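In: Here you go, sequence then predicted model.
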Amino acid sequence: MPSLEWIEPVIRDAQERAPDAVDVPIVVVRVDQQRLYVWERGQVTDIFDVSTSERGIGFEEGTFKTPLGLHRIVERFGEDAPRGTIFRARGDTGQIADILTEPGARSRRDNITSRILWLDGLEPGINQGGNVDSLRRYIYIHGTDEEGRIGEPASEGCVRMRNDDVIELFPRLPVGTVVTILDGPEVPDLS
């Protein structure tokens, strides 16, 4: 298990800046590690490999980059959908994706599968409002049919997870869950 000394200041910062997020987990996505950490009951309870944008970090609409900063889950989609269900515009298509597990294997399109946790930015001018709005950019945590690319930057801006992982995590992350996305162990000064 990687050293977790860095996470407590990150959690404290998230709690201070989103004080109404009480009795819900806090999720920390580390872009530099391609990992997602779940903080519950005063400790890290889970660590999942993820994939953020293959184009890097960025905030502006149309860049297909992963935005940093403090977010909140505002909507959830896919409860009880079968593993691998393909979603388009957050709607269940009734189709099941062929999950590609070979390293580097790519599907014909960027399929969003199994579950969707839609993120809303909480920092005006950084990830909220104008052309940097994470909600309007449709930034999600979601399953992917390209599981063989998990652990490396591969998405079009979202945070991709393995299908079994996002299905496991989904019931534990209600609307209102705080998600902070970082590019390193330090709390960024985005001002």
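Out: Nice, I can see it.
In: what stretches of the chain score poorly on pLDDT?
Out: Per-residue confidence of the chain (counting by pLDDT under 70) places the weak regions at 1-2, 187-191.
In: now the helices: where do they sit in it?
Out: 7-17, 163-169 (DSSP state H).
In: which outside residues touch the longest one?
Out: This points to helix 7-17. The contact list for helix 7-17 (Cβ atoms under 8 Å, 6 or more residues apart in numbering) reads 21, 26, 28, 37, 39, 44, 70, 122, 178, 180, 182, 185, 187. Using the backbone N, CA and C atoms, a C-beta is placed for each residue, glycine as well.
In: Quick one: closest of the helices of the chain to E60.
Out: Proximity to E60 (Cβ to Cβ) singles out helix 7-17 among those, at 22.2 Å.
In: Restricting to C-alpha, output that closest one in PDB.
Out: The C-alpha coordinates for helix 7-17 follow below in PDB (Å, rounded to 0.1, in the frame of the first residue of the first chain):
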ATOM      1  CA  ILE A   7      -4.100  12.500   2.600                       C
ATOM      2  CA  GLU A   8      -5.100  13.900   6.000                       C
ATOM      3  CA  PRO A   9      -4.300  17.600   5.000                       C
ATOM      4  CA  VAL A  10      -6.300  17.000   1.700                       C
ATOM      5  CA  ILE A  11      -9.300  15.700   3.700                       C
ATOM      6  CA  ARG A  12      -9.100  18.500   6.200                       C
ATOM      7  CA  ASP A  13      -9.100  21.000   3.300                       C
ATOM      8  CA  ALA A  14     -12.100  19.400   1.600                       C
ATOM      9  CA  GLN A  15     -14.000  19.300   4.900                       C
ATOM     10  CA  GLU A  16     -13.300  23.000   5.600                       C
ATOM     11  CA  ARG A  17     -14.300  24.100   2.100                       C
END
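In: Distance from the chain centre to it, please.
Out: 17 Å (Cα atoms, centre = their mean, to the nearest Å).
In: Run through the residues that contact D46.
Out: 37-38, 169.
In: That one bridge partners, please.
Out: V38 (DSSP bridges).
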